[in-house]
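S.K.: Sequence below, structure please.
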Amino acid sequence: MLKTRTFLFRLFLVFVAALTLYFSVPPKVAEIQGRFVPGVSAGQAIYTRILRWNPHNSGALTSLAEIAKEQGDFDEARTYALQALSVDPTNGRATAQLIPVYEQHQDAVYLQQALAIAPRQWPVHSYVRVALADYWAGQGDIEKVLAEWDFLLTRHRGLYKPIFPVLLTYANSESRDLLNSYASRPSSWWQDFFVYMVQHDADLSILQYFYQLRVSSGIPLEKNERNAYVKRLQQARLWKLAYSTWVSGLSSKEFDLIGSLYDGGFEGVGHGTGFDWYFRQSRQAKVSLGRTHGVKGKRGLHVVFKRRKAIRFNHVSQRLLLESGQHYKMTMQSRIDNLENPQGLVWRITCADESSQVFATSPAVKGSKKWHEIAFEFTVPDQGCESQMLRLEAASKYHHEQSFKGGVWFDEMTILPVMSPAASTL
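M.R.: Numbers count the residues shown, from 1 in each chain. Here you go, the predicted structure:
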């Protein structure tokens, strides 16, 4: 009985998906069609006038055929289209206009000829491809519609907006395997569509399905594909999977920067993804990586406050994946350049759950001081703290104590596991 119910439920899902696709594709094809009908808005009179001057103007004849077709006069549309072809036998637009004409007249032989000839005449012309997609949509042959859309999306980024929502409907349906070849090949537009799926809250199981297709294809993933997927995994709190996915996209040089804290020397060049550093700018504070006397390697982190105005500073951060219950020691080198603020700046580590529990805070930096070491120890909570967030932020939570002036440098930051004080006394 349970198997029967499951089968009927799946059959119902397939039926609903088929209905959704059937009713969503033709309107989108019609919307796209309107973008590739040149000159129809100019009206019938102007093309008639052109033919008085030049009866053999193939473009004018083709436009009149289009107007007649839009008005429902298929006989006149056929007459004009055939005249256009008699003038220019290579006119793929005129042949494409004959497709709905022959379909209307149920002339199967000529219809098949038009379907075959039009893409040979104009193999890379969008008008012909839209006309073919229009016909296949009417026939309910979604696979052939997708083939035409693949061509259009490859050539026209402007068509992402009308087509991507329909493709998302496919991805969320039992018909998602129709998109398999475009993911595993992949088409040039696929990476943008994958990011679109992430941004429009596609189910995580769907994203995993297509991501694995991309991985198994053997063709390297684009950075924006992987980064979007990692971000979605982080939102789902699948921390370990997000981390391994992010690491798999690092170059050999970036891989060398891995540690409990990633790139503590600020030598990496790619930021703002996965478990790397995130920097934000504001009118009051400039965050940059640069070189100054005393920096080890090529660069250090430099924060400069440009005006004495209140700012709730928390513009430098990194997501961590420290072990629950483990005791750690964080060290760094810092130089403080006339940093004026009564409480200064601190590095805080919070649990990345809803409570945002603060469990570690560094000594504050303020005033002026040459390069020196800052160190502090902490223990990651046993529960509810699978991932953590490290942030450089204002020590005070009060607005009137968040006005800064001056600057500060940081370099050689590390987080290393150590034996906890309690364990060392055993």
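S.K.: now the closest residue to K370 other than its chain neighbours, what's its secondary structure?
M.R.: Nearest residue to K370, sequence neighbours excluded (CB to CB, 6 or more residues apart in numbering): R335, at 6.2 Å. Just so you know, the C-beta spots here come from the backbone N, C-alpha and C atoms, and that holds for glycine as well. Taking DSSP: H, G, I helix; E, B strand; the rest coil as the rule, one finds R335 in the strand state.
S.K.: who's in contact with R335?
M.R.: Shown in contact with R335 (CB atoms under 8 Å, 6 or more residues apart in numbering): T292, G294, K369, K370, W371, H372, V408, W409.
S.K.: beta partners of it?
M.R.: W409 (DSSP bridges).
S.K.: do the one 10 residues further on as well
M.R.: Partner residues in beta bridges with L345: V365, A394, with DSSP bridges as the criterion.
S.K.: In contact with it, which residues?
M.R.: Under the criterion of CB under 8 Å, 6+ apart, the neighbours of L345 are V303, F313, L339, A364, V365, K366, L392, E393, A394, A395, F404, V408.
S.K.: can you check K240 too?
M.R.: Taking CB under 8 Å, 6+ apart as the contact definition, K240 lies against L321.
S.K.: if we can go back for a sec, can you redo the contacts of L345 as a markdown table with pLDDT and distance to Q71?
M.R.: Written out in a markdown table, the entries for the contacts of L345 read as follows (pLDDT from 0 to 100; distance: CB to CB, whole Å):
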| residue | pLDDT | distance to Q71 |
| --- | --- | --- |
| V303 | 97 | 67 |
| F313 | 91 | 65 |
| L339 | 94 | 75 |
| A364 | 96 | 77 |
| V365 | 96 | 76 |
| K366 | 95 | 78 |
| L392 | 97 | 67 |
| E393 | 95 | 67 |
| A394 | 93 | 69 |
| A395 | 92 | 74 |
| F404 | 90 | 70 |
| V408 | 97 | 73 |
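S.K.: If you rank the residues you listed by neighbours, which is first?
M.R.: Neighbour tally across the contacts of L345 (other CB atoms under 10 Å): the maximum, 26 neighbours, falls on F404.
S.K.: what's the closest non-adjacent residue to it?
M.R.: Distances taken as CB to CB, 6+ apart put F305 closest to F404, at 3.9 Å, once the chain neighbours are dropped.
S.K.: In this model A285 seems to touch that neighbour, though I could be wrong.
M.R.: Yes - here F305 lies in contact with A285, judged by CB atoms under 8 Å, at a distance of 5.2 Å.
S.K.: how about the helices in the stretch 301-426 of the chain?
M.R.: Secondary structure of the stretch 301-426 of the chain, counting by DSSP state H, counting those that start in this stretch: helices at 421-424.
S.K.: any low-confidence regions in the stretch 301-426 of the chain?
M.R.: Residues of the stretch 301-426 of the chain that meet the criterion pLDDT under 70 lie in 307-308, 354-355, 420-426.
S.K.: so where do the strands sit in it?
M.R.: Taking DSSP state E, counting those that start in this stretch as the test, the strands found in the stretch 301-426 of the chain are 316-320, 327-340, 345-351, 358-361, 367-379, 388-394, 405-417.
S.K.: now the stretch 101-250 of the chain
M.R.: In the stretch 101-250 of the chain, no strands are found when defined by DSSP E, counting those that start in this stretch.
S.K.: Neighbours of L213, how many?
M.R.: Using other CB under 10 Å, L213 has 19 neighbouring residues.
S.K.: isn't G272 right up against Q281?
M.R.: No - if you go by CB under 8 Å, G272 and Q281 don't touch, sitting 11.8 Å apart.
S.K.: which residues are in contact with both of F305 and A285?
M.R.: Between them, F305 and A285 share these contacting residues under CB under 8 Å, 6+ apart: I311, F313, F404.
S.K.: Give me the distance from the helix or strand containing L85 to the chain's centre.
M.R.: With the criterion set as DSSP states H and E, the secondary-structure element containing L85 is helix 74-87. The chain centre lies 45 Å from the centre of helix 74-87; the measure is CA atoms, centre = their mean, to the nearest Å.
S.K.: average pLDDT for it?
M.R.: In this model, helix 74-87 has an average pLDDT of 85.
S.K.: Determine the set of other helices and strands touching it.
M.R.: Under the contact definition 3 or more CB pairs under 8 Å, 6 or more residues apart in numbering; DSSP states H and E, helix 74-87 sits against helix 58-70, helix 92-104.
S.K.: Give me the buried stretch members for that helix, please.
M.R.: Of all the residues in helix 74-87, those buried under the rule 16 or more other CB atoms under 10 Å are F74, E76, A77, R78, T79, Y80, A81, L82, Q83, A84, L85, V87.
S.K.: neighbouring contacts of that helix?
M.R.: The set of residues that contact helix 74-87 without belonging to it, under CB under 8 Å, 6+ apart, is 56-59, 61-62, 64-66, 68-69, 91, 94-95, 97-98, 100-101, 104-105.
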